[in-house]
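Participant: Using only what follows, build the 3D model:
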Amino acid sequence: MTAADEPSLKLDDQVCFALYAASRAVTGFYRPLLDKLGLTYPQYLVLLALWENGACPVKDLGAALQLDYGTLSPLLKRLEKAGLVRRERRLDDERSVLVTVTEEGAALREKALELPPVLGPAMGLEAAEFDQLKAMLRKLTLSVVHHTEQRSA
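Facilitator: Model prediction:
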């Protein structure tokens with residue numbers, strides 16, 4: 001085995017660090033834009049899912065966002081307190097809670113439409129590169145989740 005074949009523990013050689021740094025940079029870029037909307041980044045993601053899919057059970061929302069109930073529940077409580085969503089037990093299944101965007105939450109969608117066009121230029125990517133990056137990140141996520149599930153089985 002040559003030195004080039006050996007695993008590296010250099011920080012810059014770690015994919016996990018590149019992903020972490022990129023994630024922090026992107027969420028940091030979003031922070032002042034979301035502050036104007038009165039939202040945190042995780043709250044914004046919840047609203048994106050609800051704007052796209054409409055009312056849905058907490059379980060489905062957690063699956064869409066890849067969040068567990070313990071993480072999602074406080075987010076929903078804060079969004080409900082802010083008047084942006086409503087949580088109601090379903091009449092047909094009292095164990096299930098349905099999350100719905102309120103009129104105020106729906107109105108916030110119009111303001112949020114200003115955010116996506118700002119991100120592209122900040123990333124310095126062409127449209128095709130942007131699409132390729134999203135596809136690669138989705139593939140990476142699915143692969144790692146699948147691998148993790150196989151290891152724990």
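Participant: Helices of this structure, start to end?
Facilitator: 15-37, 41-53, 58-65, 69-81, 103-112, 116-123, 127-152 (DSSP state H).
Participant: weakest of those in terms of mean pLDDT?
Facilitator: For those, mean pLDDT drops lowest on helix 116-123, to a mean of 88.
Participant: which outside residues touch it?
Facilitator: 26, 29-30, 33, 127, 130 (CB atoms under 8 Å, 6 or more residues apart in numbering). No exception for glycine: its C-beta is placed from N, CA and C like everyone else's.
Participant: Drop anything exposed from the residues you listed.
Facilitator: 30, 33 (16 or more other CB atoms under 10 Å).
Participant: Tell me which residues touch the residue positioned nearest the centre of the chain, please.
Facilitator: For the chain, Leu45 is the residue whose C-alpha lies nearest the centre (CA atoms, centre = their mean; 4.8 Å). Taking CB under 8 Å, 6+ apart as the criterion, Leu45 is in contact with Leu65.
Participant: With that, I have no additional questions.
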